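Visitor: Give me a model of this one.
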Amino acid sequence: MTEILVVSAHAADFCTRAGGTLCLSARNGASITVFALTFGERGESAGYWAANAEGTIDECKSVRRREATAAAACLSANSEFFDYDDYPLDMGVERIRDLTKRILQIRPNIILTHWLEDSFNQDHAVTANAVIRAVSSAGMLGALPNTPAHYVPDIFYSRAPCRIRSSTNSGWIPTSTSAMYSSEKWKRSGNLHANRNSSTTTRTSPRTAAFRRASGRGGRSNRPRALSDTLRLSEPVSRFPSGSSCPRY
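Guide: Have a look, this model is predicted:
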């Protein structure tokens, strides 16, 4: 059975960024666990505070927990709440070690989380980078005494680092993975990665190249990919770990 772990900075993030994907995955028989690092009580609960002038942090957390638990149940997912503070979210050493321990307990095949950079909402970037550090630790024997190491082959990021304007409407759409890797910042890095599905070559981020070197593992499965809840339901989730390609948007 495919074991999917979603690491969400705030209580609602897993719905807004990967709800459709999780629904499809559950339909295909996957087991899904959601880690919500915070309830989003300070930065992502405007509705609560607007309606409750005399509200409290504890009450807000209770409301967000109830909402997120119900949403996870609709997606056939188990949910765990870490109750860290948001805005700002701080993921120190002990919290990363705890995340590593939990990853080793679940031993997921696939992890979904935020993109590695988010200038506007750095809680998202902090979460993504903490996931990378925890996954790297989980892959090392000795991270948790008397526990086998676990290497997660597929990590999907819910947003690309930039967006492009749709030519057919006035909205914004996610960039494709090819657009992601053609950014000027990464062009200068000199890190290339061959695309098995074409004769072209795509760029790999310096962070990912360093992660490959540190882990001693190479290959396409380590390449970051953007995953959006706009994923078409016709795209079977079983394609992801098999390595054919990431869906284009």
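Visitor: When you work out contacts or count neighbours from here on, use the C-alpha atoms and nothing else.
Guide: Fine.
Visitor: Am I right that Val152 is in contact with Ile106?
Guide: No: with contact defined as Cα atoms under 8 Å, Val152 does not count as touching Ile106 (10.9 Å).
Visitor: more crowded one of these two?
Guide: Shown here are Val152 and Ile106; by other Cα atoms under 10 Å, Val152 has more neighbours (19 against 13).
Visitor: neighbours of the closest residue in space to that one that isn't next to it in sequence, just the number please.
Guide: Take Val152 and drop its neighbours on the chain: the residue closest to it by Cα to Cα, 6 or more residues apart in numbering is Asn109, 5.7 Å away. Close neighbours of Asn109, defined as other Cα under 10 Å, add up to 17.
Visitor: do the same with Gly29
Guide: Gly29: 12 neighbours (other Cα under 10 Å).
Visitor: Same question for Phe120.
Guide: Burial of Phe120 is recorded as 8 neighbouring residues (other Cα under 10 Å).
Visitor: now do Gly139
Guide: Gly139 has 17 neighbours, counted by other Cα under 10 Å.
Visitor: Settle this for me: it is touching Tyr151, isn't it.
Guide: Yes: here Gly139 reaches Tyr151: they are 4.7 Å apart, a contact under Cα under 8 Å.
Visitor: Can you pull the poorly scored residue ranges out of the chain?
Guide: Across the chain, the ranges flagged by pLDDT under 70 are 159-249.
Visitor: mind running it again at 50?
Guide: Low-confidence segments of the chain (pLDDT under 50): 160-249.
Visitor: At which residues are the helices of it located?
Guide: Taking DSSP state H, the helices of the chain run over residues 13-27, 46-51, 57-74, 93-106, 122-138, 177-180, 184-187, 206-215, 239-242.
Visitor: Please identify the deepest-packed of those helices.
Guide: Comparing those on average neighbours per residue, with mean count of other Cα atoms under 10 Å, the densest one is helix 122-138 at a mean of 22.
Visitor: which helices and strands does it pack with?
Guide: Helix 122-138 is packed against strand 3-8, helix 93-106, strand 110-113, with contacts defined by 3 or more Cα pairs under 8 Å, 6 or more residues apart in numbering; DSSP states H and E.
Visitor: wait, which of the ones you listed is closest to Glu54?
Guide: Closest to Glu54 of these is strand 3-8 (Cα to Cα; 27.9 Å).
Visitor: give me every residue that touches Val135.
Guide: Counting by Cα atoms under 8 Å, 6 or more residues apart in numbering, Val135 touches Thr100, Ile103, Tyr151, Val152.
Visitor: For the nearest residue to Ala11 once chain neighbours are set aside, give me its contacts.
Guide: Spatially, and ignoring its direct neighbours in sequence, Ala11 is nearest to Phe39 (4.6 Å; Cα to Cα, 6+ apart). By Cα under 8 Å, 6+ apart, the contact list for Phe39 reads His10, Ala11, Ala12, Lys61, Arg64, Arg65, Phe81, Asp83, Tyr84, Asp85, Asp86.
Visitor: count of neighbours near the first one?
Guide: Taking other Cα under 10 Å as the criterion, the count of residues near His10 is 29.
Visitor: if I look at it, how far off is Asp118?
Guide: Between His10 and Asp118 the computed distance is 14 Å (Cα to Cα, to the nearest Å).
Visitor: What of the third one?
Guide: Ala12 is 17 Å from Asp118, where distance means Cα to Cα.
Visitor: Please identify which of these two sits among more neighbours.
Guide: Taking other Cα under 10 Å, Ala12 and Asp118 do not tie; Ala12 has more neighbours (23 against 17).
Visitor: Confirm for me that the more buried one is in contact with Ala68.
Guide: Yes: applying Cα under 8 Å, one finds Ala12 in contact with Ala68, separated by 6.2 Å.
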